[in-house]
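*Asks:* return atomic coordinates for the entry below.
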Amino acid sequence: MKKLLLSLSLLLTATAANAISDNAKFVAIDSSFETTLCVTAATKGFKAAYQEAEKISKEYAKSLYLNTCNGVAIKQFSLPKNTDVKAKLVKIVAGDQTAETKLCVEAATKGYELVAAKQSTSLRGIVCNGQSIQHFAKGI
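*Replies:* The predicted structure is shown next:
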């Protein structure tokens, strides 16, 4: 079980660092004002693109929502308001081949309820990485 904990900890650390990094890079293919607005919307948000459009005219800014970027409406193309949300990528790796470890992996990947329904015995005593199997499966 300690090997499972160590493997899972290392994997979570590696994937968390990878998920936090922002690999997206937006590059303008021409120097048009519309392209500049698309890049601004993607990197700084729709509000920043709107402010840039206001420098041209109020009427242009009001019709900014009609613009498209790569075939997508500029509002959808723009940076989401809540950029703190990051994807959580987790890969469950068994540290050994014991029956308990296999149940922990299965509960984490398929769901506790499904595993509990398939088992003829109670899962209450099973501990996965220091947590009850039910709590462990919900945390993944």
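
*Asks:* elements contacting the helix or strand encompassing Ala108?
*Replies:* Assigned by DSSP states H and E, Ala108 belongs to helix 99-110. Judged by 3 or more C-beta pairs under 8 Å, 6 or more residues apart in numbering; DSSP states H and E, the packing partners of helix 99-110 are helix 112-118, strand 127-128, helix 133-139. (C-beta placed from N, C-alpha, C; glycine too.)

*Asks:* between these, which gets nearest to Ala48?
*Replies:* helix 133-139 (36.7 Å; C-beta to C-beta).

*Asks:* so which elements touch the closest one?
*Replies:* Looks like helix 133-139 contacts helix 99-110, helix 112-118, strand 127-128 (3+ C-beta pairs under 8 Å, 6+ apart).

*Asks:* could I get the ones you listed in TSV, plus columns for distance to Ile74 and mean neighbour count?
*Replies:* Listed next are these as TSV, based on distance: least, C-beta to C-beta, whole Å; neighbours: other C-beta atoms under 10 Å:
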stretch	distance to Ile74	mean neighbour count
helix 99-110	39	18
helix 112-118	43	14
strand 127-128	46	19
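
*Asks:* any chance of those in a markdown table, with distance to Ile92 and mean pLDDT too?
*Replies:* Output for the helices and strands packed on helix 133-139, formatted as a markdown table (distance: least, C-beta to C-beta, whole Å; pLDDT from 0 to 100):
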| stretch | distance to Ile92 | mean pLDDT |
| --- | --- | --- |
| helix 99-110 | 5 | 88 |
| helix 112-118 | 13 | 88 |
| strand 127-128 | 10 | 88 |
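
*Asks:* any chance of these in JSON lines, with distance to Gln51 too?
*Replies:* JSON lines is the format used below for the helices and strands packed on helix 133-139 (distance: least, C-beta to C-beta, whole Å):
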{"stretch": "helix 99-110", "distance to Gln51": "46"}
{"stretch": "helix 112-118", "distance to Gln51": "49"}
{"stretch": "strand 127-128", "distance to Gln51": "50"}
